[in-house]
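In: Pasting the sequence and the predicted model now:
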Amino acid sequence: MTFLSRRPLAAATAFALAALLASCASTHGLETATQPHDADQLAAQRSLSDFQQGSADFPQQEWWKALGDPQLDALVDEALKSNPNLDLAQARLRKAQAEAGLAEAETKPTLGVNGQYAVAQLPKPLAGEDLGGKLLHNPVGYLQFDWPLDVWGGHRAAYQAALGQARAQEIESQAVRLSLAANIARAYIGLAEAFDAQDVARRELARATHLQQLSKQRFDAGLDSQLQLRNADAAIASAKAEDVAAAQQIASARTALAAMLGAGPDRGNAIDRPQLLDAPAPGLPSTVPSELLGHRPDVVAARWNVYAANRNIAAAKAQFKPSINLSAMAGLVGTNFSDVFKGESFFGFGGPAISMPIFDGGRLRNNLAVKNADYDVAVASYNQTLADALHEVVDAMQQMRSLDAQAQSLTQARDAADAAYTLADTRYKAGIGTQLDVLSTERPLLQLDQQLAGIHAQRYQTVVDLDRALGGGLSFDAPPTDSSK
């Protein structure tokens, strides 16, 4: 009884001694240096208040449909099914999920079966006359049980870190989809702009050709010098160059779209001319920037990376403390197969085991320093991503306002140029003006049409940029914020 009563006391003494010795490996002086920013505390209220509308909402998930072109809708759907970058993102996600599964497995007990048939011969001086010099046949079979008790929560923290990284990867795969849809829309808008530029170039070519014919007639009749004829020749050459450039832009946009579809260049030849509607400008929700954290995939993923880095610190700190492992082994062993299943062939042992770090050459401290640095990197990346997100929203709204003002001024200028062209044409038909006057007033009208086409294309691009900056209709759960390191 005296012997048995001393066992718990000895175990407690051993554990206390282990905890004392473990203090030799200390975390003293190792801390993180940064903290995540609060989105609502960033100085953005004044910049955003000029654009915010209480009734506005975040974009719909299929935001590109607001552009009103069924062909664009079909291209985005095709790209989201076949783009290689999406396959890459999915492969990374599966890897992160599998790594989380590995981390979870470290928290659970294991049970395995082992078997071996061993042949050995021992020297007589070592084993004696009975065993020495003879071939010994030893079949062995046993079960082995191990259970690392997660006393300090290190395994749990490592599992949480892996889950956080998997969640971040899942959200980043959504970011890839959003970027792909935005790039498809931008390339498609570029294709529409190239077609508009080609229209203007061909109208200018027709005007310049007509002007050249009139100039030649007047030169042959001795009414004008070669100056007007040479100017017409230059206008024709310039219009032809613009036509060729527009055709090249059309081909490039189609090729780019085909690449984003994961198809060969010939796929682009089947893309017809875009038929975009005049999409309205999205409003800015009054809840920016606070709710932006739940809609922007890059911001949410960065926050999950911060959470994972936080949990990795907790796992690293747990390694400084004693670890306890329950293990047991039970099986059968004999000098031959006929002896294995006899009662005296059974063996077994097991119990708790304690291990502790004392001196490790700085491995644990450097590992914790690495995790602290990883946390600071993740926080800095999150803070920068958050700041960039707010800037993108404000920049898109400012660009939208500027383009609307430019479009209004250019529309007024075009109306005036169109009125001048109509007046010149009316005077010519009435016999009090010349066809040269008509052709001369048509040139500024064509130039303004070209500028307006460019402004409209930029405005379409800004609509895409704003939809993307507001998260593209996506919504995510944020990670826990109360995890202690």
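Out: Received it, and whenever you're ready, just let me know what you need. Predicted model only: the values in this text are computed from it and were never measured. Numbering: from 1, shown residues only.

In: pLDDT below threshold where in the stretch 301-450 of the chain?
Out: 331-332, 334-343 (pLDDT under 70).

In: So which residues of it form helices?
Out: 337-340, 363-429, 435-469 (DSSP state H, counting those that start in this stretch).

In: Which of those sits closest to Asn83?
Out: For these, proximity to Asn83 was assessed by Cβ to Cβ; helix 435-469 is nearest, at 16.4 Å. All C-beta spots, glycine's among them, are computed from the backbone N, C-alpha and C.

In: and the helices of the stretch 301-450 of the chain, which is most packed in?
Out: helix 435-469 (a mean of 20; mean count of other Cβ atoms under 10 Å).

In: Next, the angle from that helix to helix 363-429.
Out: Put simply, helix 435-469 runs at 160 degrees to helix 363-429, going by axes from the mean of the first three to the mean of the last three Cα atoms, to 10 degrees.

In: I'd like the numbering to begin with 18 instead of 1 from here.
Out: New numbering, starting at 18: the last item is helix 452-486.

In: Helix 452-486: how far from the chain's middle?
Out: 34 Å (Cα atoms, centre = their mean, to the nearest Å).

In: And that helix, what does it pack against?
Out: Here helix 452-486 is seen to pack against helix 171-237, helix 380-446 when contacts are counted using 3 or more Cβ pairs under 8 Å, 6 or more residues apart in numbering; DSSP states H and E.

In: Test my guess that Ala441 contacts Gly450.
Out: Yes - shown here, Ala441 and Gly450 form a contact pair, counting by Cβ atoms under 8 Å, at 5.9 Å.

In: so which helix or strand takes in the residue of the chain positioned farthest from its centre?
Out: The C-alpha centroid of the chain is most remote from Glu146, which lies 73.3 Å away (Cα atoms, centre = their mean). Glu146 belongs to helix 141-148 when assigned by DSSP states H and E.

In: where does the stretch 168-317 of the chain dip in pLDDT?
Out: For the stretch 168-317 of the chain, the ranges with pLDDT under 70 are 241-242, 298-299.

In: which ones are touching the residue nearest to Asn200 when sequence neighbours are not counted?
Out: Nearest non-adjacent residue to Asn200, counting by Cβ to Cβ, 6 or more residues apart in numbering: Met277, 6.0 Å away. Going by Cβ atoms under 8 Å, 6 or more residues apart in numbering, Met277 touches 96, 100, 197, 200-201, 204.

In: ok, now Ala249?
Out: 225, 228-229, 232.

In: Mind checking which of those residues are buried?
Out: Among these, those classed as buried by 16 or more other Cβ atoms under 10 Å are 225, 228-229, 232.

In: Distance of Ala345 relative to His172?
Out: Using Cβ to Cβ, to the nearest Å, Ala345 is found at 20 Å from His172.

In: of those two, who's got more company?
Out: Higher neighbour count among Ala345 and His172: His172, with 21 against 14, using other Cβ atoms under 10 Å.

In: from what I can see the more buried one touches Ala178, true?
Out: No - His172 is not in contact with Ala178 according to Cβ under 8 Å; the separation is 10.7 Å.

In: shared neighbours of the two, anything?
Out: With Cβ under 8 Å, 6+ apart as the test, His172 and Ala178 both reach 120, 332.

In: re earlier: hmm, which two among the contacts of Met277 are most spread apart?
Out: Asn100 and Ala204 (12.8 Å).

In: ok, back up a step: nearest to Gln138, out of the helices of the stretch 318-467 of the chain?
Out: helix 354-357 (18.4 Å).

In: And for Ala251, the neighbour number?
Out: 12.

In: domain ranges for this structure?
Out: 49-124+171-192+286-338+386-486, 126-166+340-372 (automatic domain parsing).

In: For the longest one, measure first residue to last.
Out: Between the start and the finish of domain 49-124+171-192+286-338+386-486 there is a gap of 31 Å, counting by Cα to Cα, to the nearest Å.

In: distance between that domain and the chain's centre?
Out: For domain 49-124+171-192+286-338+386-486, the distance to the chain centre is 12 Å (Cα atoms, centre = their mean).

In: for stretch 284-299, same thing?
Out: 26 Å.

In: Provide the strand pairings for the longest strand out of those in the chain, with the direction of each partner.
Out: Criterion DSSP state E: the longest strand present in the chain is strand 152-166. Applying DSSP bridges, strand 152-166 is found paired with strand 127-138 (antiparallel), strand 340-350 (antiparallel).

In: Name the stretch among those strands that sits most buried.
Out: It is strand 340-350: most buried of the strands paired with strand 152-166 by mean count of other Cβ under 10 Å, with a mean of 16.

In: Let me know the angle separating that one from helix 171-237.
Out: Using the same axes, to 10 degrees, the direction of strand 340-350 lies 110 degrees away from that of helix 171-237.
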